[in-house]
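Asker: Generate a structure from the sequence data that follows.
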Amino acid sequence: MTTYNRLAIFYAPASKSPLAQFGSKWLGWDVEKASNAKHPDIQSLPAPIPDIVATPQKYGFHGTLKAPFKLNPTKSCDELRTALQTFCKNTPKFTIGKMKVAQLGNFVAIIQKNQSMELRNLAATIVEHFEEFRAPLGESDIVKRRRANLTQRQDELMLRWGYPYVFEEFKFHLTLTGRLDENDAETTKNILSEHLSDILSKPLKADDICLYGERNDGKFEIIERFPLCSE
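Answerer: Numbering: from 1, shown residues only. From the prediction side, this is the model:
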């Protein structure tokens, strides 16, 4: 089995769905096939797409449930896969809801129109349930996280759970860009809102949970999808 530098538990839209196909092409990286994808032809963007997506590209299209972590040396990837399989067999599928393109600070992402408590609770449960598989943060990781000017609560969460944006700080999103200046972010948001209007007209569904792995080249790929159970 491939050895990964880090693992992550992410949400990804169904592999053949229009949203997943757009995400792969937009970022230029298909996490399902672990291969490059051709960018779409979208006019009037403030910069070339490769520049806009340079930061999020390596992670692939996803929504974070448990952020990338180094594997606890006492655990194995196979044990994590088994635990995820068991967890998902006992977790029902659900509808996340309608989504929209939005500007979050200085980047652009797809977010929920209305917060889903079901999704928030799932993310919180995953953070706690799979904590035993996460190796503690190193000093360099902590320093890097603190560059984001964390609040006191976010810093506490980062030190305890390895990531500052969990529990009450969690906001589900599918990242579309890296950091942009305010005008460029607004322009990009407006163009992508129009481009994705048909795709985002249908509610997003959570049918499975994905285990992602970070390869030696720094890019993430889907290791396995774990179907959620039918109620």
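Asker: Tell me where this protein has strands.
Answerer: For the chain, the strands defined by DSSP state E cover 7-11, 29-30, 35-36, 63-69, 94-97, 99-104, 107-112, 173-175, 204-206, 208-214, 220-227.
Asker: distance between the ends of stretch 51-61?
Answerer: 16 Å (CA to CA, to the nearest Å).
Asker: Show me which parts of that stretch are buried, residue by residue.
Answerer: Residues 52-54, 56-61 are the ones in stretch 51-61 that count as buried (16 or more other CB atoms under 10 Å). C-beta here means a position set from N, CA and C on the backbone, and glycine is covered the same way.
Asker: now stretch 105-124
Answerer: Across stretch 105-124, burial judged by 16+ other CB under 10 Å covers 107-112, 116, 119-120, 122-123.
Asker: And stretch 21-34, by the same measure?
Answerer: Buried, per 16+ other CB under 10 Å, within stretch 21-34: 21-32, 34.
Asker: ok, back up a step: considering the buried residues of stretch 105-124, which is situated nearest to Cys88?
Answerer: Cys88 has its nearest neighbour among those in Leu122, at 10.5 Å by CB to CB.
Asker: Just to check, the closest one is in contact with Lys93?
Answerer: No - at 10.9 Å, Leu122 and Lys93 do not qualify as touching, with contact defined as CB atoms under 8 Å.
Asker: got any residues that touch both of the two?
Answerer: Common neighbours of Leu122 and Lys93, counting by CB atoms under 8 Å, 6 or more residues apart in numbering, are Ala206.
Asker: So for this protein, the centremost residue is which one?
Answerer: Central residue of the chain (CA atoms, centre = their mean): Gly63, 2.8 Å from the mean position.
Asker: thought it was touching Lys171?
Answerer: No - in this structure, Gly63 is not within contact of Lys171 by CB under 8 Å, at 10.1 Å.
Asker: could you measure Arg153 against Asp207, distance?
Answerer: 33 Å (CB to CB, to the nearest Å).
Asker: For the residue lying closest to Lys113 once chain neighbours are set aside, give me its contacts.
Answerer: Once flanking residues are discounted, Lys113 sits nearest to Lys98: 4.5 Å by CB to CB, 6 or more residues apart in numbering. Counting by CB under 8 Å, 6+ apart, Lys98 touches 112-114, 200, 203-204.
Asker: mind redoing it with 10 Å?
Answerer: Applying CB atoms under 10 Å, 6 or more residues apart in numbering to Lys98 gives the contacts 112-114, 200-204.
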